[in-house]
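J.: next one to model:
(chains A and B)
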Protein chains: 2
Amino acid sequence: MDNLKRDHGGGVDAAADAYGGVRGDWLDLSTGINPVPYPLPTIADDAWVALPDQAARDAIETAAREFWNVPETAAVLAVPGASSAIAQIPRLVQAGDVHIPGPTYNEHAASFAATGWRVTQSPGTASASVHVHPNNPDGRQCDAKDMRGALRIIDESFCDVVHDATLISEAAQPGTLILKSFGKFWGLAGLRLGFVIGDPALVERLGAMLGPWAVAGPALTIGTAALRDGDWAAATRARLQQDADRLDQLVLKKDARLVGGTSLFRLYEVADAAQWQHTLAHHHIWSRVFPYNPKWLRLGLPAPTGWDRLEAALA
Amino acid sequence: MDNLKRDHGGGVDAAADAYGGVRGDWLDLSTGINPVPYPLPTIADDAWVALPDQAARDAIETAAREFWNVPETAAVLAVPGASSAIAQIPRLVQAGDVHIPGPTYNEHAASFAATGWRVTQSPGTASASVHVHPNNPDGRQCDAKDMRGALRIIDESFCDVVHDATLISEAAQPGTLILKSFGKFWGLAGLRLGFVIGDPALVERLGAMLGPWAVAGPALTIGTAALRDGDWAAATRARLQQDADRLDQLVLKKDARLVGGTSLFRLYEVADAAQWQHTLAHHHIWSRVFPYNPKWLRLGLPAPTGWDRLEAALA
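T.: As a prediction, the model looks like this:
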C-alpha cells in the first residue's frame, strides 16, 4: 500500500542469513540506538498484569514535561514508539501537499504518501511540513522559520544528544507537534515508547486514534524512572560524544570523509558504501547504506565490548 | 472526538481516591483479567534494547497460528493490544452503517462512531458488523450466520476460556477479522498484546496503519512462550471454571441472579448495582456497573489471596 520504498536499519537476522553466524554474534551498527541502555529499574507485578491506570500515564507525562521543559500550554502524550505516531499523524488533517526536506528518515514520507498526501521537496504552498531535527542521517539542524503549513511536525527523535538545540518552545504554536523517541537515547528500542508534544487539540485526536492503554505498563515504569534521572542523561551525553569521536578516528583513517550525523550515529562518504558494508559483514558487523546515495555509509556506536572487533575489521 | 461515552473497568486509582486506601490495597474485580498470570519467562536483553526483528514477529505469529488453529489462508498479525486494532479497524473501509448488537464492549461503537460510521442495533443493510464472542458482559455467543456486511469483525477477546466455541474458521472468509486478546486469559494486560486474524488484504493494511515494530520486544518473548504452552492453557481453563463457580456460590446466596458471563467475569442482576458497588468499595473491592442498566453488576475473579476478603465483604 505504500508508494515509497521503506528502508530501515536493523535486519540483522537477514544479514546473518546471508553472511553466517547467529543474531547474537553480530555487532549491529545499522541503527542509531545507544548501545549502553538505561539500567532497568524494578518493574512491579502490577505493571505487567493490570491495564495501565491513569496515574501511571500522568506520572510519565509529568516526567516528560519536566525533562524536556515543555511549554505549559502544550500537551504531552506517551505513545507506543514514535513510529506509532508517525503512522497516524497524516490522518489528523485533510490530505494535501506535505513538505519533507530530504534525504531524511523515510517513514514520514511513506506514511504521508500512504494516506493520500503528495510529498514534495519544495515548501511551495504545502499545508504540512516535517523536519527531522537533527536530521537522520546527516545531522542537519532545522530552523523553526523554515517550517511551513498548518500542520508542522518536528521529529526530535535524535535531539536528546544535543538537548540545547531543541525546538521544544515551538510546541506552544498551533498546529505543531514535536516527536520524541525513548528507544534511541535511552537504548531501549524494544520497549516501544515515544512522546508527542504540542497542540492540545491535535494531541487529543492522536490519543483517541491510538486507543486506550496504548503504552505498556513496563514501558511506563521504565520511562518514568529514566526521564527523572537527569544525571544519567548528562553522563550519557558525554560518553556518547567520546564514543562518536573514537568512531570517527577509526573510520577517517581509512579512505572516508565525515558528512555529519549525531553522537548516536555517524554518516561517512566512501567510494563504495556497498563494498564497505560487505567487508564489515564478513566480520559480522552490520552497517547502514542508503538506496539513494551509493557513497553514504552510516555507522552507529558499538557497545564497550564491540570496539575490538570493529578495530580489527577496520585494521 | 467521540460520540459515545466510553466506560471501562479499571480505574482503581479513582476508587481509592473516593473510598480510601492505595491502589495496591484494593481488590480489583472490575475487569475480566485472569488474576493468576502466565509466569514471566526469562526476557533476553535483546528484547528490551533492539528493535523487534522480523524473526521474533514470525515466531509469535507461528505460535498464534498453531494455538488458535488458524485457517491456512488467513493472515495473523500481532498488535499492541486488541484496543489498538479496535481503534483502527473502522478506517479500513469506507464509512457506512455498522451493526453492533448490544449491549456489548463499548469501545467498538465508540471507535466506529468517531470515524463517521452510523452505529445501529439492527442488521438492516449495514456494510459492517461487530460481534463480541462470547459477549462482554453477558457471555452471549454469536452465530456466524448472523454476521452482516462486507466487513465482519468477531472479537474473541474472551473466547480462550471456551476455545471449542471459537469461530476461527470464519477467518478464511473475505472481509472477516477475528480479534484475540492476550491480556485477559493470560492475565498480562499491562503487556499490550493482541492479534488480528483474517482477510490478508485487510490485515496487511491494518499492519501498515499501526506502523513498523508495533509490538514491544518483551511482549513478543512472553507471548510466544505462552502460546506454545498448551498445558498451562488447559490447566488455567479448568481453574477459572472452578473459581467462577465459587464466585457464583458466594454472590447468589445474596439477593442476586446470574445473567451470564464467562469464567473470567460473571454478570449478576441485583436490585441496585450502585449500592452493591458502594458496599464492596467500603471493603476496598472494586466492581463494575453499567450506565445503561442499573441492575447489572459484573465481577471478575479474585486472586487466590483475595477470596477471604471477598467472602468477608459478602458475609
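
J.: count the neighbours of the residue lying closest to A:F182 once chain neighbours are set aside for me.
T.: Leaving aside its sequence neighbours, A:F182 sits nearest to A:L193 (CB to CB, 6 or more residues apart in numbering or on different chains; 3.9 Å). For glycine as for every other residue, the C-beta is placed from the backbone atoms N, C-alpha and C. Close neighbours of A:L193, defined as other CB atoms under 10 Å in any protein chain shown, add up to 28.

J.: my guess is A:L193 meets A:G81, correct?
T.: Yes - applying CB atoms under 8 Å, one finds A:L193 in contact with A:G81, separated by 6.5 Å.

J.: who touches both of those two?
T.: A:G183 (CB atoms under 8 Å, 6 or more residues apart in numbering or on different chains).

J.: could you count how many residues lie near whatever residue of the stretch 1-150 of chain A ends up closest to chain B?
T.: The minimum distance from the stretch 1-150 of chain A to chain B, using CB to the nearest CB, falls at A:A87 (3.4 Å). The number of residues packed near A:A87 is 25, by other CB under 10 Å.

J.: ok, now the one 5 residues further on?
T.: Using other CB under 10 Å as the criterion, A:L92 is surrounded by 20 other residues.

J.: ok, now A:F185?
T.: A:F185, neighbours per other CB under 10 Å, totals 27.

J.: ditto for A:T42
T.: If we define neighbours as other CB under 10 Å, then A:T42 has 7 of them.

J.: relative to B:G102, how far out is it?
T.: 42 Å (CB to CB, to the nearest Å).

J.: do the same with A:E170
T.: Distance, A:E170 to B:G102, by CB to CB: 44 Å.

J.: compare those two (neighbour count), which wins?
T.: A:E170 (20 against 14).

J.: let me see the contact set for that one.
T.: Counting by CB under 8 Å, 6+ apart, the residues that A:E170 touches are A:A144, A:M147, A:R152, A:I154, A:T176, A:I178, A:G198.

J.: mind listing what the residue nearest to A:F182 touches?
T.: If a contact means CB under 8 Å, 6+ apart, then A:L193 has A:A78, A:V79, A:P80, A:G81, A:F182, A:G183, A:V215, A:A219, A:I222, A:G223 as its contacts.

J.: correct me if wrong: the fifth one contacts A:A216.
T.: In other words, A:F182. No - using CB under 8 Å, A:F182 is not in contact with A:A216; the gap is 11.9 Å.

J.: which residues are in contact with each of those two?
T.: What both A:F182 and A:A216 touch, as defined by CB under 8 Å, 6+ apart, is the set A:L191.

J.: quick check: which element contains the residue nearest in space to the middle of chain A?
T.: Against the mean C-alpha coordinate of chain A, by CA atoms, centre = their mean, the closest residue is A:S157 at 3.8 Å. Under DSSP states H and E, no helix or strand contains A:S157.

J.: pull the contacting residues for the closest residue to A:D25 other than its chain neighbours.
T.: Spatial nearest neighbour of A:D25, chain neighbours left out: A:H284 (5.6 Å); criterion: CB to CB, 6+ apart. By CB under 8 Å, 6+ apart, the residues touching A:H284 are A:A16, A:Y19, A:G20, A:G21, A:D25, A:W26, A:L27, A:R309.

J.: swap the cut-off to 6 Å and go again
T.: A:G21, A:D25, A:W26 (CB atoms under 6 Å, 6 or more residues apart in numbering or on different chains).

J.: tell me the residues of chain A that contact chain B?
T.: Taking CB under 6 Å from any CB of the partner chain as the criterion, chain A approaches chain B at residues A:1, A:10, A:13, A:37, A:47-51, A:53-55, A:80, A:83-84, A:87, A:187-192, A:205, A:208, A:211-213, A:216-217.

J.: now, of those, which are buried?
T.: A:10, A:13, A:37, A:47-51, A:53, A:80, A:83-84, A:87, A:187-192, A:205, A:208, A:211-213, A:216-217 (16 or more other CB atoms under 10 Å in any protein chain shown).

J.: how many residues are close by A:A233?
T.: 18.

J.: got the phi/psi numbers for it?
T.: Here is the backbone geometry of A:A233 (degrees, to the nearest 10): phi -60, psi -40.

J.: now do A:N106
T.: phi -80, psi 0.

J.: just A:W286 next, same as before
T.: phi -100, psi 130.

J.: wouldn't it be in contact with A:D25 here?
T.: No - counting by CB atoms under 6 Å, A:W286 stays clear of A:D25, with 11.0 Å between them.

J.: the more surrounded of the two?
T.: Using other CB under 10 Å as the criterion, A:W286 and A:D25 rank with A:W286 on top: 25 against 10.

J.: quick one: contacts for that one?
T.: A:V12, A:A15, A:W26, A:D28, A:S30.

J.: what does the model give the fourth one for pLDDT?
T.: Spelled out, that is A:D28. Looking at A:D28, its pLDDT stands at 93.

J.: that one contacts A:V12, correct?
T.: Yes - shown here, A:D28 and A:V12 form a contact pair, counting by CB under 6 Å, at 5.0 Å.

J.: can you give me the helices in the stretch 101-250 of chain A?
T.: Residue ranges of the helices in the stretch 101-250 of chain A, as given by DSSP state H, counting those that start in this stretch, are A:107-114, A:200-210, A:217-227, A:230-252.

J.: show me the beta-bridge partners of A:V119.
T.: With beta bridges defined as DSSP bridges, A:V119 has these partners: A:V98.

J.: check what pLDDT it gets.
T.: 96.

J.: just grab the bridge partners of the closest residue to A:G207 other than its chain neighbours for me.
T.: Nearest non-adjacent residue to A:G207, counting by CB to CB, 6+ apart: A:L77, 5.2 Å away. Beta-bridge partners for A:L77, by DSSP bridges, are A:V196.

J.: neighbours of A:L77, how many?
T.: 23.

J.: that one: what's it in contact with?
T.: A:V196, A:V203, A:G207.

J.: before we move on, what about A:T166?
T.: Applying CB under 6 Å, 6+ apart, the residues contacting A:T166 are A:C159.

J.: confirm the residue of the stretch 1-150 of chain A closest to chain B sits in a strand?
T.: No - in this structure, A:A87 is helix, not part of a strand, as judged by DSSP: H, G, I helix; E, B strand; the rest coil.

J.: that one reaches B:W213, doesn't it?
T.: No - contact criterion CB under 6 Å: A:A87 and B:W213 do not qualify, at 10.6 Å.
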